[in-house]
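Engineer: Structure for the following, please:
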Amino acid sequence: MQVSKTIPRSWKLARILACAATLSCGLLSLAMMPAHAQSAARHQSAKKVELGTGAAVDARGNFWIVTKEVEGADQYVVLQGSSDGGRTWTAPRRIQREPEAVSAEGENRPKLAFGPQGEMYITYTKPLAKPYTGEIRFIRSLDGGKTFTPPRTVHANRDLITHRFESMIVDGSGRIYIAWIDKRDLEAATARKEKYAGAAVYYAVSEDGGNSFKGDYKLADHSCECCRIALALQPDGRPAALWRHVFEPNVRDHAIAVLAPDGKASAPVRATFDDWRIDACPHHGPSLDYADDGTRHQVWFNMRGEEGGVYYAAVSPAGSMGEAVRLGSAQAAHGDVAVDGKNIAVAWKQFDGKGTAVLSRISSDGGLTWREQELARTAQGSDQPRLLKTPGGITLAWRTQQDGMRIVPVMPARLEKAEK
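Structural biologist: This is a model prediction of the structure:
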């Protein structure tokens, strides 16, 4: 992937760190950065450890995390649990019998979700020998994490191409949806000597608890190549996907569509309107959640003219988008959002030249009023912040190189839940 020669020199630190924090997207090198940005990039990458971690909460309120363990040349996905709010964790348990390559960066980390009967589902990307290629792997446990099935590849296509950056969600009926970035259509167009912008979004569905998957359903052509896909359930129980899309002529805004178990997803609709024209991928996917009345809450990273950063907006059930609010400073990155009744929480990372903080913007009245607060801070490397909805309220899960996995309460459970 090549960088457009039209990237403005006035890019601020946040845009540079979008790539530099991972150093894997191949878009910007330290030599291309101004001196002040080089220092920040080195802070992010020094003693680089893959900290990408998936986190979820079971029906009893126990926290579970999946991440990567490396022993010599061997790699594994490991599982840990906490029954005391993250104060203590069980020892890491390998969920594969045999080692295999595992991606565990912020945008491409292992994922964890639970079924309606407590089934435990885990996905991850297995990198292959050719750069930027991979397979989406799936493992399940039906006995609370005591035993696991051998990993299986979710997609039917087995070409040596990109199947990466997967996301997973389970609906109220127990269907498992897994969406990923896929380059089969790019490869086919290249073979025909035709132009093809970006990659594509595909998904697969399991209706038997992960025993089998159907699909390789194409959701959209022309997605961004390396940004995570956000999945969330609408109030009617249908899953929606929000992703960075490549609109004509080369605008990297976002699109949204509703998935269907038979592959007949809704047509993608444009979800952001920043008109960011760049021939590159910023490794900065969006976040998505819904209120009970169908209001869509979304967080994303983009540029608007010469100004960039993390933005939040609410979209009415009819599709009317409210004001896009810029979060934090020019160094804000990797936002997340969670909605629980009238409680709304938005969190993002922000580097201040010495360390990284997770900052938040929260509302307890459905977005009528807001307040901001710092949730956590570290002087070393860190994963992206994750907001989880738990029986006790909205909680931050954040893994840092310095302190390990941190669980930080953000907002208590909504009142109507507490009264029950």
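Engineer: I'd like to check which residues are in contact with the spatially most central residue of the chain.
Structural biologist: Centroid-nearest residue in the chain, with CA atoms, centre = their mean: Arg228, separated by 4.6 Å. With contact set as CB atoms under 8 Å, 6 or more residues apart in numbering, Arg228 has these partners: Glu107, Asn108, Phe165, Ser167, Gly285, Pro286. Heads up, the C-betas are built off the backbone N, CA and C, glycines and all.
Engineer: how about the helices of this structure, start to end?
Structural biologist: Ranges of helices within the chain are 13-20, 35-45, 184-191, 415-419, based on DSSP state H.
Engineer: Residue ranges in the protein under the pLDDT threshold?
Structural biologist: 1-48, 415-420 (pLDDT under 70).
Engineer: Skipping adjacent residues, who's closest to Asp216 in space?
Structural biologist: Spatially, and ignoring its direct neighbours in sequence, Asp216 is nearest to Ala156 (4.8 Å; CB to CB, 6 or more residues apart in numbering).
Engineer: Quick check: that neighbour touching Tyr202?
Structural biologist: No. Using CB atoms under 8 Å, Ala156 is not in contact with Tyr202; the gap is 10.0 Å.
Engineer: and the contacts of Arg228, which of them are in strands?
Structural biologist: Members of those lying in strands (criterion: DSSP state E): Phe165, Ser167.
Engineer: Please identify which of the contacts of Arg228 is nearest to His245.
Structural biologist: Pro286 (10.4 Å; CB to CB).
Engineer: number of nearby residues for the closest one?
Structural biologist: By other CB atoms under 10 Å, 26 other residues sit near Pro286.
Engineer: With Ser103 as the reference, measure out to it.
Structural biologist: To Ser103, Pro286 is 19 Å away according to CB to CB, to the nearest Å.
Engineer: cool, and Val57?
Structural biologist: When CB to CB is the yardstick, Val57 and Ser103 sit 23 Å from each other.
Engineer: before we move on, what about Arg87?
Structural biologist: Distance of Arg87 to Ser103, given as CB to CB: 29 Å.
Engineer: neighbour count winner among these two?
Structural biologist: Counted by other CB under 10 Å, Arg87 and Ser103 do not tie: Ser103 has more neighbours, with 21 against 8.
Engineer: For the more buried one, which non-adjacent residue is closest in space?
Structural biologist: Nearest residue to Ser103, sequence neighbours excluded (CB to CB, 6+ apart): Thr125, at 4.2 Å.
Engineer: same question, Gly404
Structural biologist: Closest to Gly404 by CB to CB, 6+ apart is Trp89, at 7.9 Å.
Engineer: do Tyr217 as well
Structural biologist: Of all residues not flanking Tyr217 in the chain, Gly263 sits nearest, at 3.6 Å (CB to CB, 6+ apart).
Engineer: do the same with Arg414
Structural biologist: Gly341 (3.3 Å).
Engineer: can you check Lys130 too?
Structural biologist: Residue nearest to Lys130 in three dimensions, not counting chain neighbours: Leu160, with 5.5 Å by CB to CB, 6+ apart.
Engineer: how near is that neighbour to Phe213?
Structural biologist: 20 Å.
Engineer: Neighbour count: those two, which is higher?
Structural biologist: Phe213 (22 against 12).
Engineer: Tell me who's in contact with the nearest residue to the more buried one once chain neighbours are set aside.
Structural biologist: Of all residues not flanking Phe213 in the chain, Ala204 sits nearest, at 4.3 Å (CB to CB, 6+ apart). The neighbours of Ala204, taking CB under 8 Å, 6+ apart as the test, are Val154, His155, Tyr177, Ile178, Phe213, Lys214, Gly215, Asp216, Tyr217.
Engineer: For ChimeraX, write the selection for the buried entries among those residues.
Structural biologist: Command for ChimeraX that selects the buried part of the contacts of Ala204, burial taken from 16 or more other CB atoms under 10 Å:
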select :154,155,177,178,213,215,216,217
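Engineer: Mind checking which of the contacts of Ala204 land in strands?
Structural biologist: With DSSP E as the criterion, strands contain Tyr177, Ile178, Lys214, Gly215, Asp216, Tyr217 from among the contacts of Ala204.
Engineer: can you map out the strands along the stretch 1-150 of the chain?
Structural biologist: 54-57, 63-71, 74-82, 93-94, 111-114, 120-127, 134-141 (DSSP state E, counting those that start in this stretch).
Engineer: Strand partners (parallel or antiparallel) of the fifth one?
Structural biologist: Pointing back at strand 111-114 there. strand 120-127 (antiparallel) (DSSP bridges).
Engineer: quick one: buried residues of the partner strand?
Structural biologist: Within strand 120-127, the residues scored as buried using 16+ other CB under 10 Å are Met120, Tyr121, Ile122, Thr123, Tyr124, Thr125, Lys126, Pro127.
Engineer: returning to that earlier point: for Met168, see how far away the residue nearest to Phe213 is.
Structural biologist: 10 Å.
Engineer: So for those two, which residues contact both of them?
Structural biologist: With CB under 8 Å, 6+ apart, Ala204 and Met168 have common neighbours Tyr177, Ile178.
Engineer: and for Ala156 and Tyr202, which residues touch both?
Structural biologist: Common neighbours of Ala156 and Tyr202, counting by CB under 8 Å, 6+ apart, are Gly215, Asp216.
Engineer: The two: which is more packed in?
Structural biologist: Counted by other CB under 10 Å, Ala156 and Tyr202 do not tie: Tyr202 has more neighbours, with 27 against 11.
Engineer: residues touching the nearest residue to the more buried one once chain neighbours are set aside, list them.
Structural biologist: By the measure of CB to CB, 6+ apart, the closest residue to Tyr202 outside its immediate chain neighbours is Asp182, 4.3 Å from it. Residues in contact with Asp182 (CB under 8 Å, 6+ apart) are His155, Asn157, Ile161, Thr162, His163, Ala199, Ala200, Val201, Tyr202, Lys218.
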